[in-house]
Every structure is written in C-alpha cells, then in structure tokens.
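Student: Build me a model from this:
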Amino acid sequence: MTDLLTTIDAEIDAARETLVGLCGTLVAAPSMSPPGHTAGVAPIVEAFLAAGGVPSERVFCDPEAPNIVAHVDGAGAGPQVVFNAHMDTMQAGDESRWTVPILTQTRRDGRLYGLGMGNMKGALAAQCLATTVLARHRDRFDGRLTMTAVCDEVMFGERGAVHLLAARPDVHGDYLISGEGPGFMELAVAEKGLLWLDVEVRGDGGHSSRALTGSTAVARLAAILTRIDPINSMYATVPLEIGGVTGGPDNAGLRVSLSVGTLSGGGVRSLVATRARAEIDVRLPPGVSAAEIEAQVREAAHGDPDVTVTNVKCWDANWTALGHPLTQATVAAVTAVRGKAPRYVVRLPGSDARRWRDLGVPAICYGPQPTLSAGTDDFAFEQDVVDCAKVYARTALALLNRQRD
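Tutor: Down below sits the predicted model:
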C-alpha cells in the first residue's frame, strides 16, 4: 500500500492551490452561529465534491441549515469510515479588533486568515479534498468512506449531527474522524463533559435600609458560589484506557472548570432583591461525573428550602482508548506526514464526536485549529491544512484496508 500512500500524498500536494481556494470560498460564505445558517456553505461543499466525482445529498429539518452527506464505496465489503466537519462558525466578536477582513481570506506568512478557518472551515476543506482524492482510488480499498458536513455544532443545536444521525443510520459507521482540532495539531482522544446548572435563591424583600448580613437572596447566592468555587481545583484520575493522555496547556483538560456565566438579582438599587440567580457552566474531565459535581453544588446550598438547583443539561466526558485501531491508525498517519507522533490530549470544548461515541462508534478529533480556540484574526496554518488532508486520507485508507492487510 506504500505506493498508493505516496500517490495520495502527491495528489494532495498538487492540489494545494485548489485547497487554499476552497478555504477562501468557504470563508466568504457567512455561517455564524447563531443563527447558524449553512445554506450558503452547502452548495460550495456539494460543488467541490461533485467536481471530484462524488455525488452528495442534503439532509435537513431546517432548509436554512442543511447537512451534507456523501458516500464513496470501495471495491468490496468492509468497514465504514466517516469524516465529519461542521459548516457553522463562531461569531466574529468585536470586529473592530480584527486586522484582516472577516469574510475574505487573507493568505500571509504561511497563514490563511478568515472567520472560521480554525473552527473549522480549514478542516472542512481538508476533508472534502481527502474525500475526492480517495474517490479516485476507490478500487484500491474496501468498505465505504462517508463525508458528513453538518450545521448547528457551535451552539449544541438539534439541526445538525443530532438530526442527521437520527434520520440517517447509514452515516453511523464504524469509525469517526472529526476535523475538530484541539489545537497545536495534537490528537484529541477524549473531550470534557458538560454540566449546566441554574441556582436560584429566593428571599424576603423590603427597603435596603433593613438589609442584614448574609440574609438577602443575593448574599446567600454569593455564599453558595464562594463555597463551590474550589471545585475549580479538582483534578481527575484518568481512566486506564486513556492513561498517558495529557490535559494540554495548564493541564486544563484534566481539571474540573466551573464558571458562573450569568448573574441576576433584583431590579431596583434601593430594594432588597427577592430573587438571585446564577447560570453555571461546568466542564468535566474524564473520570469526574456530572452527578458527582451536581451533588457538591446541592450540598453547598446547606439544605436551604429557598434554594433551587436545576440541572439544565449534562453529559459526562467521553473518549476512545489509546490502543484502539482508530487511534493507532491516526497516530501512524500523523507520524508519517508530520515526522513525529502527536501528543494525546483531552479536548476542552465539546464536539460532534460525542454524538458518534454515544452510539458506540469510536471517534478521534484532529484538525488545523492552531490554538485552543478561535478568536480575533482567526486563522489556520496553510501547511497544517494540507497535512490534515493527508492525515485524513491515510487514516481512512488504513482502516478501510485492515481486512486486506
């Protein structure tokens, strides 16, 4: 298979300008979430795949936010490898802080700038190219390669992977390769779980001149938040099957993070608030459960009948074992392309890889996002995007041809 891998690498190298051009076209199609409309991006993906001889179809519950599915069948029966990338992007934030155009690609100093390049139109383009290159050699592998480009990932919505996996069991597959990079071209075999809690405290009102120490709804909520803040110092005991995984910068992937996203209470300065509310976001490393943290928050309320703790949504951390064939195939591909093995990390934000893992499908995340998260002057390194296309193609080919080997 060495000759085929060499050919695929060469074809991807030869398509560098095509790949860069695809990135620019994708960046120019707005898909910020919210609202997360991908109707402008979908035709670009469809046209690129079609030009490479790969037909695709739209699957949607909202015509403004379609998903794309494409299949490439090999020469014989075999496993199914699924590529996944999302077409929606984060908002640009404070546009005055950008030094490059937001929706126009800037190619400079080895970087490709533009909104969504890091998260994750660079990976989307790389997976599209890998799909079309592999399609030329479909007689050289078995099984099925599936490309999925989805909406609604950024806001944990229901129109994207959730809808697609429910409507189309033919995209479940045996292996999932997500382009959702954890940053620094590292390999995310795990990602943190999530727990959203709302804490509300009720109390007596009245004129502010009668307020007493620690008695108001706001003061009691503040005391609860002070008691739960040390949760931020909790570290996980890593499950054995991912022993050796790191938490990345500051070891954040192995630490519980608890943040109060919003605070509200009262409406008039001179009146004692009768209600105070905190909306809390907790991210959970592998080895720490949502139930465990929720119990600690409830305990911090000290049984106060005026305190309500509501679990808005949650899921535990998820992962794929280091020894799994998917992980090992990805490591081999990265090592061949980049010259050294990637570091195993826990991805900090959630991704659609979890959707497949919830179905029992092993999944990894690897992509050209350059740092931990996208932001002002969003970019990806051009060479990283090219390398990702090679890694995706090599990993898929190794898995599809496991039975041949």
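
Student: Find the residue ranges of this protein scoring beneath the pLDDT cut-off.
Tutor: 404-405 (pLDDT under 70).

Student: Give me the domain ranges for it.
Tutor: Recorded structural domains for the chain (assignment: automatic domain parsing) are 2-190+318-400, 193-315.

Student: okay, now Asn67: neighbour count?
Tutor: Neighbour count of Asn67, defined by other CB atoms under 10 Å: 28. C-beta coordinates here come from the backbone N, C-alpha and C atoms, glycine included.

Student: brain fart, Arg108
Tutor: 11.

Student: Quickly note the distance from it to Gly118.
Tutor: Look at Arg108 and Gly118: by CB to CB, to the nearest Å, they are 15 Å apart.

Student: quick check: longest helix of this protein.
Tutor: As assigned by DSSP state H, the longest helix anywhere in the chain is helix 382-400.

Student: What sits closest to Ala77 if chain neighbours are left out?
Tutor: Asp142 (6.4 Å; CB to CB, 6 or more residues apart in numbering).

Student: so the one you found sits right up against Leu400, yeah?
Tutor: Yes - with contact defined as CB atoms under 8 Å, Asp142 counts as touching Leu400 (5.9 Å).

Student: So if I had to pick from those two, which one is more boxed in?
Tutor: More neighbours surround Leu400 than the other of Asp142 and Leu400, with 27 against 17 (other CB under 10 Å).

Student: Check which residues of stretch 41-53 are buried.
Tutor: Val41, Ala42, Ile44, Val45, Glu46, Phe48, Leu49, Gly52 (16 or more other CB atoms under 10 Å).

Student: who's in contact with the fifth one?
Tutor: Yep, that's Glu46 we're talking about. In this structure, Glu46 makes contact with Ser56, Arg58, Ile68, judged by CB atoms under 8 Å, 6 or more residues apart in numbering.

Student: that's a helix at it, yeah?
Tutor: Yes - per DSSP: H, G, I helix; E, B strand; the rest coil, Glu46 lies within a helix segment.

Student: Assign a three-state SS to the residue nearest to Ala77, would you?
Tutor: coil.

Student: picking up where we left off before, tell me the most buried of the domains of the chain?
Tutor: domain 2-190+318-400 (a mean of 21; mean count of other CB atoms under 10 Å).

Student: okay, how far is it across that one, tip to tip?
Tutor: Domain 2-190+318-400 has an end-to-end distance of 15 Å (criterion: CA to CA, to the nearest Å).

Student: sec struct for Leu197, please.
Tutor: strand.

Student: Identify the bridge partners of it.
Tutor: Ile280, Asn311 (DSSP bridges).

Student: Leaving aside the residues adjacent along the chain, what's closest to Arg50?
Tutor: One thing to correct before we go on: residue 50 is Ala, not Arg. Closest residue to Ala50 apart from its sequence neighbours, by CB to CB, 6+ apart: Ser56 at 7.1 Å.

Student: Would you list the phi and psi of the one you found?
Tutor: With angles defined as degrees, to the nearest 10, Ser56 sits at phi -140, psi 170.

Student: From what I see, it and Leu49 are in contact.
Tutor: Yes - counting by CB under 8 Å, Leu49 is a contact partner of Ser56 at 5.0 Å.

Student: what do those two both touch?
Tutor: With contacts defined as CB under 8 Å, 6+ apart, the residues adjacent to both Ser56 and Leu49 are Ile68, Ala70, Met147.
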